[in-house]
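**Student:** Give the three-dimensional model of this entry:
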Amino acid sequence: DAQWFNMFEELKKYKEIHGHCSVPDKCTSNKRLANWVARQRKLYLEMKEGKSAVMTAERVDMLNSLGFVWRLHQNYWHEMLDEFKGIQREAWRLSNALNLQQ
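**Tutor:** So this is what the prediction gives:
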């Protein structure tokens with residue numbers, strides 16, 4: 001489907017500019033791309049449930065090659081968890097350093 005590949009190229013350009021593929025739902029500068037990205041996520045979930053033949057393994061691989069995030073909230077949660085762990089490690093290191101000085 002030529003339209004899909006055109007939108008994929010548009011997503012690649014978006015990533016070059018913004019550094020990610022997480023086009024906001026309310027992206028006013030490119031509503032068409034935002035809608036397409038949301039549709040890819042929906043079709044991916046349907047494919048995983050065996051309901052959609054529109055999303056193919058080839059398309060999933062192509063989107064994955066760009067670092068496409070399939071579940072935005074899940075990705076955000078993991079990013080925050082990693083940040084928390086880093087803060088926790090630093091707090092532990094500082095606590096130990098203070099205890100050694102006493």
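**Student:** From the rest of the structure, what touches stretch 7-25?
**Tutor:** Residues external to stretch 7-25 that are found in contact with it (CB atoms under 8 Å, 6 or more residues apart in numbering): 30, 32-34, 36-38, 59, 62-63, 66-69, 72, 75. Any C-beta I mention is one placed from the backbone N, CA and C, and that applies to glycine too.
**Student:** Quick check: the gap between the residue nearest the centre of the chain and Arg41.
**Tutor:** Geometric centre of the chain, nearest residue: Val69, 2.4 Å, by CA atoms, centre = their mean. Using CB to CB, to the nearest Å, Val69 is found at 9 Å from Arg41.
**Student:** There's contact between Ser52 and Arg41 in this structure, I believe.
**Tutor:** No. Contact criterion CB atoms under 8 Å: Ser52 and Arg41 do not qualify, at 11.7 Å.
**Student:** hang on, the earlier thing: so which one among the contacts of stretch 7-25 has the lowest pLDDT?
**Tutor:** Minimum pLDDT for the contacts of stretch 7-25 is recorded at Asn75 (49).
**Student:** list the buried ones in stretch 12-30?
**Tutor:** Going by neighbour count (16 or more other CB atoms under 10 Å), the buried part of stretch 12-30 is Tyr14, Lys15, Cys21, Ser22, Val23, Cys27, Asn30.
**Student:** Which one of those is nearest to Gln102?
**Tutor:** Nearest to Gln102 among the buried residues of stretch 12-30 is Ser22, at 46.1 Å by CB to CB.
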